[in-house]
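Chemist: When you get a sec, could you give me coordinates for this:
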Amino acid sequence: MIMIRVIAIVLLLSAPGHAVAQDRFTSKLALPGGQTAVIAEGDFEPRSIGSFSVRLYEAAEAPDETTFFIAGLIRARDGVVEKAIVADVKGDQQPEIIVVVRSVGTGSYLSAAAFAFSKDALTFEGAVEDLAADTDPVSALRKKLATSQ
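Modeler: Below is the predicted model:
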């Protein structure tokens, strides 16, 4: 009887709709001014392709740093989110949220997207794609955004 219950629980947990994503990228970044950004790969998507979201929350003390949602954006990804950082890529002394994605196939190419944020907004600033695996994506974004202004 106990064995049947254990098998039933295992089957229930592994059934479609109850799948738990393994190694899915999710990260919180503390931003200047106390805001919080949450970067996450899309739920129920393959790890190698899909989307990622960037969500911005009002400044608040833990554990409320993700309680008061301000804005969010979703972008396509071809690969896995490798990291999310804060860096000034526009050269205006205001940092941007940078999301770096590495392709899964041969070459491990990089892409990166930059998002500007303010007290009440989140905007997509630009992206670089098909970078060699050893390229500095922040430098590539700086170069691209400097030439597009």
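Chemist: is it true that Ile39 touches Leu29?
Modeler: Yes. Using C-beta atoms under 8 Å, Ile39 is in contact with Leu29, at 7.0 Å. The way it works is simple: take the backbone N, C-alpha and C, and place the C-beta from them, glycine included.
Chemist: Mind listing the shared neighbours of those two?
Modeler: Common neighbours of Ile39 and Leu29, using C-beta atoms under 8 Å, 6 or more residues apart in numbering, are 84, 97.
Chemist: Just the CA trace of stretch 32-50, in CSV.
Modeler: Taking Å, rounded to 0.1, in the frame of the first residue of the first chain, the C-alpha atoms of stretch 32-50 are listed here in CSV:
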residue,chain,number,x,y,z
PRO,A,32,20.8,52.0,-7.6
GLY,A,33,18.0,53.8,-5.7
GLY,A,34,16.8,50.6,-4.0
GLN,A,35,14.8,49.2,-6.9
THR,A,36,14.9,45.5,-7.7
ALA,A,37,15.0,43.9,-11.1
VAL,A,38,14.1,40.2,-11.7
ILE,A,39,15.4,38.5,-14.8
ALA,A,40,14.0,35.0,-15.6
GLU,A,41,13.8,32.6,-18.5
GLY,A,42,10.3,31.8,-19.6
ASP,A,43,8.3,29.1,-17.7
PHE,A,44,7.6,25.8,-19.5
GLU,A,45,10.0,26.7,-22.3
PRO,A,46,13.0,24.6,-23.5
ARG,A,47,16.2,25.8,-21.9
SER,A,48,17.9,26.3,-25.3
ILE,A,49,15.4,28.7,-26.9
GLY,A,50,12.4,30.8,-25.8
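Chemist: any chance you could map the strands in this protein?
Modeler: For the chain, the strands defined by DSSP state E cover 26-30, 36-41, 50-57, 69-77, 80-87, 96-102, 110-117, 122-131.
Chemist: The shortest one - contacts with which helices or strands?
Modeler: It refers to strand 26-30. strand 36-41, strand 80-87 (3 or more C-beta pairs under 8 Å, 6 or more residues apart in numbering; DSSP states H and E).
Chemist: distance between the ends of stretch 84-94?
Modeler: Stretch 84-94 has an end-to-end distance of 16 Å (criterion: C-alpha to C-alpha, to the nearest Å).
Chemist: average pLDDT across it?
Modeler: Average pLDDT, stretch 84-94: 95.
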